Every structure is written in C-alpha cells, then in structure tokens.
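> sequence plus the predicted model coming up.
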Amino acid sequence: ILSPPAEYSFDRIAKQRGKIVDWDAGLCLEDNAMLSCMKPRDRVTFISAGPNAQCWAAMGELQVYKAPYADPRQTEDPNSKYFCPGDDKPYFRVPMKFARKFARE
C-alpha cells in the first residue's frame, strides 16, 4: 500500500492501534484488483511516498482484518467520482489494522 503522508500517514495508523481502518485504493483499477484478492490475516507493507513521489520508504505492516467488500460509493451517489452504473463494481475497501512498525536506522 502506498500513501503520501499528507493523505494518510503510517504514524496516524500506528496511533490508532486496534482500530480498524477501511482502506481503499482510490480510482486506480490495478490497485483495486489487488485489494480484491486480499484475505483476512494477510500482511501488507505500508509505503510512504515523499514529496513529488521521488522518495519512498517502507514504514511498517498492516494486517487484513476482514475480506474486501465493494466500495459503497460506487452505487450510492450518481455524482460521486466512484459511481459505476451497471453490474461491474471495480472499487473495493479492505478493513485493516496496524500490525507493526519497521525499525529506523
């Protein structure tokens, strides 16, 4: 999982230990396809992107808490950028929780 700190930082997740975070991959279809394949207890590396996405760092791990589910934003609001008419629902959310923070040198 890749996230700029300004959007959702790993430190924010670490402070919420025990809290379930419903993670989404935005509008990227490839990332959503990956999310749809996750299973409970899978471990996911959290990568933080620096300014202008020029430097990245693996910050720690999240653990999948429950199976992925279709993102409700794709059916609820026709004005949403996630709205998808028809049967194909390409966007997913995955409940995850903090697992561990990597040591820094």
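Everything's here; your move.

> have a look at the chain and report the helix or strand with the lowest mean pLDDT.
The least trusted helix or strand in the chain, going by mean pLDDT, DSSP states H and E, turns out to be strand 2-3, with a mean of 76.

> parallel or antiparallel, which strands does that strand pair with?
strand 43-49 (parallel) (DSSP bridges).

> and the partner strand, what's buried?
For strand 43-49, burial by neighbour count (16 or more other Cβ atoms under 10 Å) applies to V44, F46, S48, A49. Where you see a C-beta, it was placed from the backbone N, CA and C, and this is true even at glycine.

> do the same with stretch 62-69
Neighbour-count burial for stretch 62-69 flags L62, V64, Y65, P68 (criterion: 16+ other Cβ under 10 Å).

> what does stretch 67-80 give?
Buried residues in stretch 67-80, counting neighbours by 16+ other Cβ under 10 Å, are found at P68, D71, Q74.

> mind putting those in a markdown table, pLDDT, secondary structure and distance to D24 included?
Converted to a markdown table, these look like this (pLDDT from 0 to 100; DSSP: H, G, I helix; E, B strand; the rest coil; distance: Cβ to Cβ, whole Å):
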| residue | pLDDT | secondary structure | distance to D24 |
| --- | --- | --- | --- |
| P68 | 94 | coil | 10 |
| D71 | 88 | coil | 6 |
| Q74 | 88 | helix | 11 |
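
> closest one of the residues you listed to R100?
Nearest to R100 out of the buried residues of stretch 67-80 is P68 (Cβ to Cβ; 21.7 Å).

> where does the closest one fall, phi/psi-wise?
Backbone torsions for P68, taken as degrees, to the nearest 10, come to phi -60, psi 150.

> that one reaches R93, doesn't it?
Yes. Counting by Cβ atoms under 8 Å, R93 is a contact partner of P68 at 6.8 Å.

> mutual contacts of those two, please.
L35 (Cβ atoms under 8 Å, 6 or more residues apart in numbering).
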